[in-house]
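Asks: next come a sequence and a model predicted from it.
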Amino acid sequence: MHYIGEKIKELRRKNDLTQEKLADQLGVSYQTVSKWETGVTSPDLSLIVPLARLFKVTTDELFGFDENADMLRKKELEGEYEETWKSGDLHKRFEVSKQAVKEFPDDMEWHKRLAWTQAMCSFEYKDDAQYAQEQEEAIKRFALVIENASDEEVKASAILGIVQYLSFRGRRDEAEKYAELYPENLPFRKEYVLLQCLEGEKRTVHHQKMLDRAMIDLLNLIGEEYTDTACDAQERILKTMMPDGNYLYYHCILGQIYRRRADFRMKEGDCDKAAEMIKQAFYHAEEYDRFMEGNIMPQSKPFFDKLQWNVDEICKTGTETDIEEMLEFLKKPLYSQLRERDDIKALTENYARQ
C-alpha cells in the first residue's frame, strides 16, 4: 500500500501535477490523493489503469513490479538459503523460506522448501501440541504444492514430504494415496516412497520385493565384469542374502557363475578344476529347473521369507531348460578335451537321458 502511494507521488511530481490537478483528472478529491500518497489508503482497482495511462507507465511499474529486480532478489534469497546447508542453521533456513514465500507467493519451489524446513523444525519442539501443529501446517503446504506445482520434480519432492509426515502422524491410508501419485520416471523411485507409509506384513512384503529387484540389478551389474573376482562377489552376495541355501531362481545366476569359472579354468589348462565347475553348474541348472516346475519351497530365509514367486511371471529367454542349455554349453570347442573325461561323459549322458 505504501509503495504505490510513494510511486503516485513520484510520478505526479514528474508530470508537474498538484494533488488537486491529479484529483480533478481522476474525478476524486485532493484529500483522497493525499491519503494515497501517505499510505493511509490505496487507489480503488478501477483507478489503476487510468492512473497508469495518465502517467504513461505500465500497471506493473505503478505497482513496483520489476522483473529484473525480482530475479536479483530471488538470487539473493537463493544464496542465503544455500548458505544454510553449509552452516546447518535450520532456523535461518526457515526464516529465509518464509520470507521468500511472502515475497513470491506463486513460487511453488519456495513453498516446497518452506514445508520441508517447517517439518524438520517440528522435531525441536518438546511440546507435543506444537510439534503436531507444525507438522500439520507442513502437510497442508505440501498439499498446496502438489495441487499447484507444474514442475514434476518439485511436485515429487512435495509428495515424498507429505507421505513421510502423514505417516509420522499415523495417517498411513492418506499417505499411501499420495504415494501412488509419485512419478514413475524419477531417480528416487516410487517404491521407496511407498515404503515410507506401509507397516506390518504389507511393508515387509514390499521391502522384500525391493530387495529382490535390487539384488538382481546388483548381480547383473557385477556380472558385466567377466572375471573371477566378479564371480566371487556375486556368489558371496547370494550366500549372504540366502544363507539357508534355498536360492530359488538365483540358481540360474549361480549356474552362470560356475560356467564362467569353468571357462577360466579351461583357458588356464586346468581340466580338473574346470570339471568341478561344470558339475556345480549342472547342479544349479537342475535346481533352477526344479524351481521353474514349482518343486522348490518358494520362500528363502531370512530376507525373502514373505515372498511368493509366480514362475509364469519370470522372464524366459528361450524354451530350453537350464539342463538343456548346459548340454549345449559343453559342445563348445573349448570343452572338447573335457567331454572325453569319464566323469563328465557319464554326467552328460545321464542328463541327456532325462
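Replies: Looks like it arrived, so ask away.
Asks: which parts of stretch 289-301 are buried?
Replies: By neighbour count with 16 or more other C-beta atoms under 10 Å, stretch 289-301 contains the buried residues 289, 291-292, 296, 299-300. All C-beta atoms are positioned from the backbone trio N, CA, C, and that covers glycine.
Asks: what does residue 300 show for phi and psi?
Replies: Main-chain torsions, residue 300, degrees, to the nearest 10: phi -130, psi 130.
Asks: quick check: chain neighbours aside, which residue is closest to it?
Replies: Nearest in space to residue 300, with sequence neighbours left out and distances taken as C-beta to C-beta, 6 or more residues apart in numbering, is residue 246 at 4.3 Å.
Asks: kindly report the same for residue 266.
Replies: Residue 266's closest residue in space is residue 274 (C-beta to C-beta, 6+ apart), at 4.6 Å.
Asks: on the three-state scheme, the one you found is what?
Replies: Put simply, residue 274 is helix when judged by DSSP: H, G, I helix; E, B strand; the rest coil.
Asks: list the contacts for residue 146?
Replies: Contacts for residue 146 (C-beta atoms under 8 Å, 6 or more residues apart in numbering) come out as 155, 158-159, 162, 178, 181.
Asks: please repeat the previous calculation with a cut-off of 7 Å.
Replies: 155, 158-159, 162 (C-beta atoms under 7 Å, 6 or more residues apart in numbering).
Asks: residue 291 too?
Replies: Going by C-beta under 7 Å, 6+ apart, residue 291 touches 248-249, 251.
Asks: with residue 63 instead?
Replies: With contact taken as C-beta under 7 Å, 6+ apart, residue 63 is in contact with residue 4.
Asks: CA-only coordinates of the longest helix seen in the chain in PDB, if you can.
Replies: Looking across the chain with DSSP state H, the single longest helix is helix 200-223. Extracted C-alpha coordinates of helix 200-223, given in PDB (Å, rounded to 0.1, in the frame of the first residue of the first chain):
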ATOM      1  CA  GLY A 200       3.300 -54.600   9.300                       C
ATOM      2  CA  GLU A 201       3.400 -57.500   6.900                       C
ATOM      3  CA  LYS A 202       2.400 -55.300   4.000                       C
ATOM      4  CA  ARG A 203       5.600 -53.300   4.500                       C
ATOM      5  CA  THR A 204       7.700 -56.400   4.900                       C
ATOM      6  CA  VAL A 205       6.500 -57.900   1.600                       C
ATOM      7  CA  HIS A 206       7.000 -54.600  -0.200                       C
ATOM      8  CA  HIS A 207      10.500 -54.300   1.300                       C
ATOM      9  CA  GLN A 208      11.400 -57.900   0.300                       C
ATOM     10  CA  LYS A 209      10.300 -57.200  -3.300                       C
ATOM     11  CA  MET A 210      12.500 -54.200  -3.300                       C
ATOM     12  CA  LEU A 211      15.400 -56.200  -2.000                       C
ATOM     13  CA  ASP A 212      14.800 -58.900  -4.700                       C
ATOM     14  CA  ARG A 213      14.800 -56.300  -7.500                       C
ATOM     15  CA  ALA A 214      17.900 -54.500  -6.100                       C
ATOM     16  CA  MET A 215      19.800 -57.800  -5.800                       C
ATOM     17  CA  ILE A 216      19.000 -58.800  -9.300                       C
ATOM     18  CA  ASP A 217      20.200 -55.400 -10.600                       C
ATOM     19  CA  LEU A 218      23.400 -55.600  -8.500                       C
ATOM     20  CA  LEU A 219      24.300 -59.200  -9.500                       C
ATOM     21  CA  ASN A 220      23.700 -58.400 -13.200                       C
ATOM     22  CA  LEU A 221      25.800 -55.200 -13.000                       C
ATOM     23  CA  ILE A 222      28.700 -57.100 -11.300                       C
ATOM     24  CA  GLY A 223      28.300 -59.800 -13.900                       C
END
